[in-house]
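Student: next comes the sequence, and after it the predicted model I'd like to discuss.
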Amino acid sequence: MDKELYCKDMGLDCEFLACGKTEEEVLRKASEHAQTVHGINGYSQELYDKARAAIREGYCDYGDTEERVSEECSECYEACSVCEDECCC
């Protein structure tokens, strides 16, 4: 089963979902999102522990995402809540 972490579970008003096969992948995606979208650089130990505790089992739909989103739009797709480009979402 996959792992997932919702940004809103970290106390932010944001619908972003970091999804991956491992906790490390989810934390990496969440960290990239936090930096890009929310301006949060790095994790304190407290924030890291909170993020790890908020990760839950889930299902990531890799097939649909890979087919619908071109490589040049993949970064934008992951942060589509703030994306202005037509290729996203």
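Tutor: Nice, I can see it. What you are looking at is a predicted structure, and each value in this text was computed from that prediction instead of being measured. Numbers count the residues shown, from 1 in each chain.

Student: Leu12 and Thr22, how far apart?
Tutor: To Thr22, Leu12 is 23 Å away according to C-beta to C-beta, to the nearest Å. No exception for glycine: its C-beta is placed from N, CA and C like everyone else's.

Student: okay, these two: which has more neighbours?
Tutor: Leu12 (15 against 11; other C-beta atoms under 10 Å).

Student: that one contacts His38, doesn't it?
Tutor: Yes. Between Leu12 and His38 there is a contact under C-beta atoms under 8 Å: 6.5 Å.

Student: for Asp9, which residues are in contact?
Tutor: Ala54 (C-beta atoms under 8 Å, 6 or more residues apart in numbering).

Student: list of residues touching the longest helix seen in the chain?
Tutor: If you go by DSSP state H, the chain has its longest helix at helix 23-38. Identification of contacts with helix 23-38 by C-beta under 8 Å, 6+ apart yields 3-5, 7, 10, 12, 14, 16, 18-20, 40-43, 48, 51-52, 55, 78-79, 81-82.

Student: for it, which positions count as buried?
Tutor: By neighbour count on 16 or more other C-beta atoms under 10 Å, the buried set for helix 23-38 is Val26, Leu27, Lys29, Ala30, Ser31, His33, Ala34, Val37.

Student: same check, this time on stretch 43-54
Tutor: Going by neighbour count (16+ other C-beta under 10 Å), the buried part of stretch 43-54 is Tyr43, Ala51, Ala54.
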